[in-house]
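J.: build the 3D model from these lines:
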Amino acid sequence: MSNNLAYRNGRRRAVIAAAGVLGAGMILGASAVGVSARPIVVVEQVDVEAEGPIVDGEIVGSHPSISGDGHFVAFQGIPGSADDQTEEAIEDPRTSTVYLTNRESGLTTEVTPVPEGVRSGNSLHPVISGDGCTLVVATEMALDVFSDDDTNDRWDVYRMRLPHCGDPTGWELISISSDGSDLARDDVSTLDPPAISRNGTLIAYTHPATQLLDAQELSTISLVDLTLPVHDPGRSTIVAGMPVAAPNTQFIHTGLDQPALSDYGRFVSFRSDAQSTDAVAGWGTGIEPGGPATGQVYVWDREQSDPFLAVRLVSARPDGNPSTVGAADPSLSRDGRFVAFTSSDVGLVPAAFAPCADACPTQVYRLDRDTDQNGWFDEVSRIKMTLVSAEPDSDPLVAGTAPSSQPALSADGQLVAFVTKAPNLQLLRASGGGESSDGDILVADALLGTLRRVAATADGIRPAVAAHAHPQLSDTGRSTVFDTLAAEELLAAPLLAGDAAQGRQVVAVSAEPTLSLADVDLGTTMVGLEGDEWYVAVINSGPTSFTPTQVTVSNHHFKVNEEASTCTLGVSVPPGGDCTVRLTFTPSASGSVSGTLTVSEDGFQPVAVSSRVIGAGGDPALRTNPAGADLGLVDVGQSSDEFQFDVENISLAPSAVGAVRIRGAHADDFAVTTNSCANRPLNPRATCSVGVTFSPTAAGRRTALVEIVSPSGQYTTMVTAGDAQYAPQLLLTGDELEAGSAFIAGGSGYPPNTELSVVFGDGTGEVVTTTTNGDGGFLIEVPIASNERGGDRTIVVQATDGTVASTPVDVIPEQNLMIGLPGFGLG
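T.: Residues are numbered from 1 along each chain as shown. You can find the predicted model right below:
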C-alpha cells in the first residue's frame, strides 16, 4: 500500500511519525546478545524453577524450538545441571533430556524426566507447535507402557498437550507400527526432528521404509492426523511422492526425509531422491552410477486430488529441470507460499559465485510460489527463486563464498534466518570456531534486501565467534533462538561462578519493530456534524513484523471505523509495510479537542504505538489537497525536492490564508519554501498553493503538520513525512598502512555527538573509539599494532546506532630485521 497521502470522495489520508521501540534478549540456556539492527538489548538470566523436577543453575542445551508468539521455547539439554550433586543426578545415565522455558515467567521445566518404573532413556529434537500448546519429542523411554514395548532401537515420537493451554494430557504415542498392532515402532530416525502443524493435530516424522521389501537403509515419512481415531486407516499415511517398491537402479538411495509442515498442514515439504512429482513415483538418478542418488526438495499439496499436480519440485533450475547437485533443509512459511532450502547448485539463479570445481559451498535459497499473490500456487511463470545468502545491495548478486545452511522462515516468509561461514556477507567478519555445522547467524529480509547479524559481542560492534547453529524464528521474526558455543563471549561475563557448565547454550534474542504513527490534526469541523474520514497509516520500518489487533482513541469525539481499518484485522505488518486506521471527528462545541490514538498488539510482549489526534469545532473555511505527502528518502543534511499542495476555500464567503506554520514531532526538519497564498484574498472554490521541503536533521521516520490558518482562526492541515538516513564518508591518510605505525582517519555524515568504533573488518586488532562532533564529523589518529597481519584489509568505522562506512587498505607487515653476530655468517 502506498504511503502517499490522498483525498478522495470526502476521505482524507495521512501518514505516520517515528516512534522507536526497544528490543530485548533473554537467556535460556545461558545468555543473550545484541542485534545488529541496534535495538537496545536487555540481558536477563533465567530463573530456573520447575513445576515438575527442580532444575537449578545453567542448563547446557541445543536444538531450540520456539512457539509462534515467542512465549515458549523448548530445547534439549543435559539432565540436571552443573551444580546438581544429588545422588539421583550423579547416577542419571542419560545424556539428553527436554526442557521447556516460559519466557514470561522465566520458569524452566524438565518435561521428559524418567517416570517411576520406566527404563531410563534419552530425549531429543523437541518441537513446539505454533500455538504453543503441543510439544513433540523423540525419546527412548516407553512413556506409554501399554503400547511401547521398549525394544529394538527404542526411539519413538510422542506428543503432549501442555498445561498452560487448559487441556493438559499425558504423553501420547505417535509413531505406531504399520502392522496393525498399535505398538510403538521403536525405530524413528534421530537425524531429523519431527514436524508439527500450528494447532498440533498433524505430525510428520522420518523412519525406516519398512513397508517396502529389501529396503535396508531407506527412509520415508509418515504423516499422522490426530483428529482421526487411532484405528482409522487414514490416521497415519506415507507422504505422497514415495515409491511403492524398493530401488532397482545403479545409484545408492536414502529415500525421503527432512519433513516440514505449513500452518495447518496443507503443505508438506521434504527431501527425496525419488522422482516424487510423478503420479506413480519412481526412483531418481545421481551424478555417477554407483554413487548416491541426488536428493531434491519437494512440496506436497494435500488438498490437490490430481496425482500429477499434487507434488511439486522446489529445487528446480530456471528451465524447470531438477538441480544437478540436489537440495536439502526445507523450511515452509505459515501459508506454504514460501519455501527456503539449501543447495550448492550454482545454476539455480543468476549470480556471481566463488570459483569452485567439484564441491561448491551450499547457499540458502527462497522460492516464492505465488508472485502475483492471487492465491494460486505454482502457476507457470508466476514463481520466483531468490538467493538469500548473498551480499546486500550487490549488483550483480554476489553469493556467499563459504557454506550457508539451516534456514528458518518467519510466518509470512519474508525473513529468513540461517547459519553461514561466508566471510563476505557482513562488513565485520566473524572469526570461525565451533563445530562443522556452526557459523554466524544472519537474518535476511527477502523483500527489503537487508541482511543483519544476530550474534554480536557485548560491545555491540564486534561479532561473536561464529559458533552458533539451529536458528528458529517466532512468527513475526521478532525472537530468534539458537544454540551456541560462544555464550560467555556474547554475555562478556562468566556463565557461572566456579565450575561453570561448559558446552552449547540456548540463547534468545528479540529485535522489536520500529513503528511510526503521525500526530494528526483534522482541522476545523462544523459543530455537531461528522467530518471527513481520515486514513492514518502505521508504518513498520523493521527489522521485524508487527501484528496489531486493537485500535483505541482516548477521546469520544474521535471515532475509529474498525470494520474499514486494516490495523484491526490481526494481520501481520511486515518490515516496509503499513496498516491503516480510519477515523472521523464530531465536535460537540467550538474549540480545540485532542486525544491519543493507540494501535497495539495483544499476547506475549505486545508492542504498541501512539500519536496525538487533534480537531476543532467551528465553521470550516479551508482545505488542503492532498491531505498529506511523503517526501521520500533523504540523506541527513540534504534537502528533498519541493512538494506543492493546494489550499482551497470551501466556505461560501471570501476568506484568506492568515498564516502558514509548521508544527509537530519534527517541525525543524520541514520548511515552507514557497507560498502563493500570502497577502491575497481567496474567494469561494478558489485555490492557492504552498510548497514544503524536507531537510532532515536526524535519521529515521520524520513527520510534521503544515497548518493553514484563516484570519478568523479556522484552520486545516497537511501531514508531511519523510525518511532520513545517514550517509557517512570515510577518508584515510593513505591506502597503504604500515604495521607498527599509525594513520589518520576522518569522516563526516555520522550521527552528531556519537561514539564511533574503528576496527579492522576481519575483527582482529584493538577497537579504537572516538566521538563525533556536533556536525557528525570526526578526526582521529589510529595506531596499528606491530604484529598486525599484512595484506588486503578493510577499515570499518561504525557508530553505536549501526551507521557504518568502510574503505579497503593494504597493510604492510613490519619487517623483522636480524642483527648480524660474528661467527653466524652476518658479521
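J.: for the spatially most central residue of the chain, give me phi and psi.
T.: Among the residues of the chain, the smallest C-alpha distance to the mean C-alpha position (C-alpha atoms, centre = their mean) belongs to residue 477, namely 3.5 Å. With angles defined as degrees, to the nearest 10, residue 477 shows backbone torsions of phi 80, psi 0.
J.: OK, contacts around it?
T.: 410, 414, 415, 417, 443, 543, 544, 545 (C-beta atoms under 8 Å, 6 or more residues apart in numbering). To be clear about C-beta, it is placed using only N, CA and C from the backbone, and glycine gets the same treatment.
J.: pLDDT wise, what is it at?
T.: On pLDDT, residue 477 comes in at 97.
J.: could you check how far it is from residue 524?
T.: In this structure, residue 477 lies at 43 Å from residue 524, with C-beta to C-beta, to the nearest Å as the measure.
J.: you'd agree residue 125 is up against residue 76?
T.: Yes. The pair formed by residue 125 and residue 76 meets the contact definition of C-beta atoms under 8 Å, at 6.9 Å.
J.: hey, what's in contact with both of the two?
T.: Common neighbours of residue 125 and residue 76, using C-beta under 8 Å, 6+ apart, are residue 63.
J.: where does the prediction get shaky in the stretch 601-750 of the chain?
T.: Counting by pLDDT under 70, the stretch 601-750 of the chain contains no low-confidence residues.
J.: quick one: the helices in it?
T.: The residue ranges that make up helices in the stretch 601-750 of the chain, judged by DSSP state H, counting those that start in this stretch, are empty, as it has none.
J.: what is the neighbour count of residue 67?
T.: Per other C-beta atoms under 10 Å, the neighbour tally for residue 67 reads 25.
J.: for it, phi and psi?
T.: Backbone dihedrals for residue 67, given as degrees, to the nearest 10, come out at phi -70, psi 160.
J.: not counting sequence-adjacent ones, nearest residue to it?
T.: residue 132 (3.4 Å; C-beta to C-beta, 6 or more residues apart in numbering).
J.: the one you found is in what secondary structure piece?
T.: Counting by DSSP states H and E, there is no helix or strand that carries residue 132.
J.: tell me how far it lies from residue 443.
T.: From residue 132 across to residue 443, the span is 22 Å (C-beta to C-beta).
J.: what segments of the stretch 1-150 of the chain are helices?
T.: According to DSSP H, counting those that start in this stretch, the stretch 1-150 of the chain carries its helices in the segments 87-91.
J.: for residue 458, see how far away residue 331 is.
T.: As it turns out, when the distance is counted by C-beta to C-beta, residue 331 lies 30 Å from residue 458.
J.: so where is the stretch 151-300 of the chain shaky, pLDDT-wise?
T.: Low-confidence regions of the stretch 151-300 of the chain, defined here as pLDDT under 70, do not occur.
J.: can you show me the strands along it?
T.: Taking DSSP state E, counting those that start in this stretch, the strands of the stretch 151-300 of the chain run over residues 156-161, 172-173, 195-196, 202-208, 219-225, 236-238, 256-261, 267-272, 274-275, 282-283, 296-301.
J.: give me the element residue 373 is part of.
T.: Using DSSP H and E, residue 373 falls outside every helix and strand.
J.: tell me the pLDDT of it.
T.: The score at residue 373 is 95. That number is its pLDDT.
J.: for residue 43, same thing?
T.: 33.
J.: now do the contacts for residue 788.
T.: Counting by C-beta under 8 Å, 6+ apart, residue 788 touches 739, 740, 760, 764, 765, 811, 813, 814.
J.: where does confidence bottom out across the residues you listed?
T.: residue 764 (73).
J.: state the helix or strand in which residue 537 lies.
T.: Applying DSSP H and E, one finds residue 537 within strand 533-540.
J.: partners of that strand, with directions?
T.: strand 11-14 (parallel), strand 515-517 (antiparallel), strand 578-585 (antiparallel) (DSSP bridges).
J.: any chance of those strands in a markdown table with distance to residue 307 and mean pLDDT as columns?
T.: Converted to a markdown table, the strands paired with strand 533-540 look like this (distance: least, C-beta to C-beta, whole Å; pLDDT from 0 to 100):
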| stretch | distance to residue 307 | mean pLDDT |
| --- | --- | --- |
| strand 11-14 | 49 | 37 |
| strand 515-517 | 47 | 95 |
| strand 578-585 | 41 | 95 |
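J.: these: which one's closest to residue 561?
T.: strand 578-585 (4.0 Å; C-beta to C-beta).
J.: then that closest one to CSV, C-alphas only?
T.: The C-alpha trace of strand 578-585 is given here as CSV (Å, rounded to 0.1, in the frame of the first residue of the first chain):
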residue,chain,number,x,y,z
ASP,A,578,1.8,-0.5,6.8
CYS,A,579,-1.7,-0.8,8.0
THR,A,580,-4.3,1.9,8.2
VAL,A,581,-6.7,3.4,10.7
ARG,A,582,-9.8,5.2,9.5
LEU,A,583,-11.2,7.8,11.9
THR,A,584,-13.6,10.8,12.0
PHE,A,585,-14.2,13.8,14.2
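J.: list of residues touching that strand?
T.: In contact with strand 578-585 (C-beta under 8 Å, 6+ apart) are residues 1, 3, 11, 13, 16, 522, 525, 530-540, 548, 551, 553, 557-561, 564-567, 569, 571, 573, 593, 597, 599, 613, 615.
J.: what about 7 Å?
T.: Residues outside strand 578-585 that contact it (C-beta atoms under 7 Å, 6 or more residues apart in numbering) are 1, 3, 522, 525, 530-531, 533-540, 548, 551, 553, 557-561, 564-567, 573, 597, 599, 615.
J.: please list all residues in contact with the residue nearest to residue 67.
T.: Per C-beta under 7 Å, 6+ apart, neighbours of residue 132: 67, 68, 69, 71, 72.
J.: returning to what we had before: tell me which of residue 331 and residue 458 has more neighbours.
T.: Set residue 331 next to residue 458 and count neighbours by other C-beta under 10 Å: residue 331 wins out with 25 against 17.
J.: what's the helix or strand for the residue nearest to the more buried one when sequence neighbours are not counted?
T.: Nearest residue to residue 331, sequence neighbours excluded (C-beta to C-beta, 6+ apart): residue 340, at 4.4 Å. When secondary structure is defined using DSSP H and E, the element that contains residue 340 is strand 338-343.
J.: so how far is that strand from its chain's centroid?
T.: Once both centres are worked out by C-alpha atoms, centre = their mean, to the nearest Å, strand 338-343 turns out to sit 15 Å from its chain's centre.
J.: so what does the very next helix or strand once past it touch, helix or strand wise?
T.: The C-terminal neighbour of strand 338-343 among helices and strands, as given by DSSP H and E, is strand 363-368. Packing contacts for strand 363-368, counted by 3 or more C-beta pairs under 7 Å, 6 or more residues apart in numbering; DSSP states H and E, involve strand 338-343, strand 384-387, strand 404-409, strand 415-420.
J.: what average pLDDT does the shortest one get?
T.: If I follow you right, that is strand 384-387. Within the predicted structure, the mean pLDDT of strand 384-387 is 98.
J.: and the contacts of strand 578-585, which are buried?
T.: Burial by neighbour count, judged by 16 or more other C-beta atoms under 10 Å, picks out 3, 522, 525, 531, 533-540, 548, 551, 553, 557-558, 560-561, 565-567, 573, 597, 599, 615 from the contacts of strand 578-585.
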